[in-house]
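# pasting the sequence and the predicted model now:
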Amino acid sequence: MIEDPKVVLVTGAAAGLGHAVALALVARDVQVGICDIDEAGAARTALDCAEIAQDCASVIISDLATPDGPDQAVREMLARFGRIDGMVNNAGYATVEAFLEMTAAAWDRTFEVNVRAVALLCAAAGKAMKVRGGGRIVNVTSPAARMALPNYAHYAASKAAVDSITRTAAIALAPNGIRVNSLAPGMMDTEMQERTERMMAEIEGRSDFEAYLDERTARVPVGVRTNTEEMAKLVLWLLLDAPDYVTAERFNGSGGLDRD
Ligand SMILES: NC(=O)c1ccc[n+]([C@@H]2O[C@H](COP(=O)([O-])OP(=O)(O)OC[C@H]3O[C@@H](n4cnc5c(N)ncnc54)[C@H](O)[C@@H]3O)[C@@H](O)[C@H]2O)c1
């Protein structure tokens, strides 16, 4: 068991939740690998990290949708830091298509990024963590995994697959001192969220976008949306602070929207 993860790979760290997680980790003296396909965004995150602590973050450019992307990201982490104690599988892709109009291309891209990359990263990082005697992995899932969303079928199914991978990886890696959990964040106003909600509004024939957003927010039992900083706190708890006995858990941060 690794008592205190000090080197953490964060995927999708160029923007949104991954950016907030990277900053929060650096503030806790963790060395962070900022992994993303977006070079300019990753460089911005590195600059933001440097304002908190010098030499704590390193950019790793990888297209995780490619077959070798996940292995390449882990190889680069090991080349830069010599070890990996923790990983946040946060990179995600989402698009919106009416159920009867859905395309193979959208299914492929969604599953390459949200599913295959997550599984391959768990295996690649798991191997490196096993050598060190332990580690922690947090996969980012979504309330969508357990909802019926006709225009968001690929995304919802991909996050249900993330829940499955989290359970499988937790059991596979438990004997090696590696803990695997997931976080289901509520609605955060990131670039992905705005883009997909605009697509949803269009498909649903809603021209008043603000009214559409208000209705969606009103469905959250606590009555408001959350944000990346709040959700980063939950990621850090699972990654750094949770008791070692916590594994295979799906932590819900959705303000009551997603519940058992
Ligand atoms: N925003 C929300 O309300 C919300 C709710 C539930 C779950 N989530 C999940 O949270 C995670 C973060 O989402 P976000 O809202 O911050 O999105 P975002 O679009 O702001 O950030 C996602 C990041 O992933 C990167 N990425 C995408 N494809 C990649 C690839 N092939 N290789 C490497 N990097 C890639 C993007 O470049 C981007 O920097 C995602 O897994 C998303 O599904 C988001």
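In hand now; what should we look at? Numbering: from 1, shown residues only.

# count of neighbours near residue 170?
When neighbours are defined as other Cβ atoms under 10 Å, residue 170 has 21 of them. Every residue, glycine included, has its C-beta placed from N, CA and C.

# for it, report the pLDDT, please.
You'll see residue 170 listed with a pLDDT of 98.

# for it, helix, strand, or coil?
Here residue 170 is recorded as helix under DSSP: H, G, I helix; E, B strand; the rest coil.

# I figured it was touching residue 179, is that so?
Yes: here residue 170 reaches residue 179: they are 7.1 Å apart, a contact under Cβ atoms under 8 Å.

# return every residue with contacts to both of these two.
Overlap of the contact sets of residue 170 and residue 179 (by Cβ atoms under 8 Å, 6 or more residues apart in numbering) consists of residue 247.

# now do the contacts for whichever residue of the stretch 1-150 of the chain sits closest to the ligand.
When distances are taken as Cβ to the nearest ligand atom, the stretch 1-150 of the chain reaches nearest to the ligand at residue 16, 2.1 Å away. Counting by Cβ under 8 Å, 6+ apart, residue 16 makes contact with 188, 190, 191, 192, 228.

# leaving out the residues flanking it, which one is nearest to residue 221?
Nearest in space to residue 221, with sequence neighbours left out and distances taken as Cβ to Cβ, 6 or more residues apart in numbering, is residue 256 at 3.3 Å.

# that neighbour falls within a helix, correct?
No: applying three-state DSSP, one finds residue 256 to be coil, outside a helix.

# so it sits right up against residue 223, yeah?
No: between residue 256 and residue 223 there is no contact under Cβ under 8 Å: 9.6 Å.
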